[in-house]
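Peer 1: Give me coordinates for this.
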Amino acid sequence: MKQATNWDDQRIFLAVLEEGSLSGAARRLGLSHPTVRSRIEALEADLGTLLFTRSMAGLTPTEAAEALREPARAMAVASEVFIRRASAPEGAIAGTVRLSVPEFMGIEVVPAMLEAIRVHHPAIRIELSLSNLPADLMAHEVDLAVRTMEPRQKGLVARKVANIPLGFFASKSYVARRGQPLDQHQLAGHDIIGPDRNVSDLALAGEVLASFDAAGLVLRTDSHPAQLAAARAGLGIALVQVPVGDADPGLVRILPDFSPVDIQTWIVTHQNLARVPRVRVVFDALVAGFRAMMRSRA
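Peer 2: Numbers count the residues shown, from 1 in each chain. Here you go, the predicted structure:
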């Protein structure tokens, strides 16, 4: 190793590693393709080792690159935490809070709950990460998370806020065109929107749909917001979080007495962040928001 490497080079290396190509890293970082290539070549020269092998199929990380993946990612997370914690004076209700939310809730549910924060604490800035995979709160990858399973790790502070039921919904135009099924067996004769490759979602569909055949779905996608969008567009019947479906005047609840499963919902943060004012404000706003949403159904 000729000299100490700088974080910018390591950041570019991590982007190439995670994106799998120079062009993908360039798009992610807002840099030019030649800049990314030259920085990787310079890093390889500094380290005295080959990080990627190049072929017509693209870039393949070497063993040396794979060995550097975890420390590079840890440095990236540490840099993000540093920036968030330095975003406001200690004790101030201001600064950045990074929030991880499942994709559907991040689009259809949570944004409305953040309005009170904007009104009462306008100095708080939210970074919203949409992912159905749990963010690493122990490593401070995010400050807060909305989770759909009970957190078990020690060192976390969690509050259960809801059991959100799922139900079948279709657009008014679909119901006018095709009518409503009267029971689960009649669902088989309707246009159903459902999962593509998600194993747990396919298993649920098999439980609630008589004679379920994934090949017979009119639209298959593992994106729950896309399933809802398809139902809104009149393509068929989709399984939707009931509070969201009920709040949409363009949707009709199908089999209103049938709810195949409830989604347990938790608000979670690290115990070291639970008393940080900006984090506590967002935590409390989400708790209040989910509980108000569930009360409105009573």
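Peer 1: which strand is the longest one in the chain?
Peer 2: When every strand of the chain is counted residue by residue (DSSP state E), the longest turns out to be strand 156-171.
Peer 1: buried set for that strand?
Peer 2: Of the residues in strand 156-171, those buried by neighbour count under the rule 16 or more other C-beta atoms under 10 Å are 156-158, 161-162, 164-171. Heads up, the C-betas are built off the backbone N, CA and C, glycines and all.
Peer 1: mind putting those residues in JSON lines, pLDDT included?
Peer 2: Compiled in JSON lines, the buried residues of strand 156-171 are given as follows (pLDDT from 0 to 100):
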{"residue": "156", "pLDDT": "95"}
{"residue": "157", "pLDDT": "95"}
{"residue": "158", "pLDDT": "96"}
{"residue": "161", "pLDDT": "97"}
{"residue": "162", "pLDDT": "96"}
{"residue": "164", "pLDDT": "97"}
{"residue": "165", "pLDDT": "96"}
{"residue": "166", "pLDDT": "96"}
{"residue": "167", "pLDDT": "96"}
{"residue": "168", "pLDDT": "96"}
{"residue": "169", "pLDDT": "98"}
{"residue": "170", "pLDDT": "98"}
{"residue": "171", "pLDDT": "98"}
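Peer 1: Tell me the one of those nearest residue 293?
Peer 2: The shortest approach to residue 293 among the buried residues of strand 156-171 belongs to residue 162, at 7.1 Å (C-beta to C-beta).
Peer 1: Give me the three-state assignment for the nearest residue to that closest one once chain neighbours are set aside.
Peer 2: By the measure of C-beta to C-beta, 6 or more residues apart in numbering, the closest residue to residue 162 outside its immediate chain neighbours is residue 265, 4.2 Å from it. The assignment at residue 265 comes out as strand when based on DSSP: H, G, I helix; E, B strand; the rest coil.
Peer 1: Now for residue 265: which residues touch it?
Peer 2: For residue 265, the set of contacting residues under the criterion of C-beta atoms under 8 Å, 6 or more residues apart in numbering consists of 105, 146, 147, 148, 160, 161, 162, 163, 164, 290.
Peer 1: Same question for the longest helix belonging to the chain: list its buried residues.
Peer 2: For the chain, the helix with the greatest residue count under DSSP state H is helix 63-85. Applying a neighbour-count criterion of 16+ other C-beta under 10 Å, the buried positions in helix 63-85 are 65, 68, 72, 73, 76, 80, 81, 84, 85.
Peer 1: Check whether the second one really touches residue 16, as I assumed.
Peer 2: No: using C-beta atoms under 8 Å, residue 68 and residue 16 do not qualify as a contacting pair, with a distance of 11.4 Å.
Peer 1: quick one, helices of the protein?
Peer 2: Shown for the chain, the helices assigned by DSSP H span residues 7-19, 22-29, 33-47, 63-85, 103-108, 110-113, 115-120, 172-178, 199-208, 224-232, 242-247, 277-295.
Peer 1: So for residue 133, which of those sits nearest?
Peer 2: Between the helices of the chain, helix 103-108 lies closest to residue 133; by C-beta to C-beta that is 10.1 Å.
Peer 1: And that closest one, what does it pack against?
Peer 2: In terms of contacts (3 or more C-beta pairs under 8 Å, 6 or more residues apart in numbering; DSSP states H and E), helix 103-108 is packed against strand 124-130, helix 224-232, strand 238-241.
Peer 1: Can you point out the buried residues in the last one?
Peer 2: Yep, that's strand 238-241 we're talking about. When burial is assessed from 16+ other C-beta under 10 Å, strand 238-241 yields the following buried residues: 238, 239, 240, 241.
Peer 1: Leaving out sequence neighbours, find the closest residue to the second one.
Peer 2: Using C-beta to C-beta, 6+ apart and skipping the chain neighbours, the partner closest in space to residue 239 is residue 166 (5.2 Å).
Peer 1: Name the residues linked to the one you found by a beta bridge.
Peer 2: Listed by DSSP bridges, the beta-bridge partners for residue 166 are residue 241.
Peer 1: ok, it - contacts?
Peer 2: Listed by C-beta under 8 Å, 6+ apart, the contact partners of residue 166 are 239, 240, 241, 242, 259, 260, 261, 262, 263.
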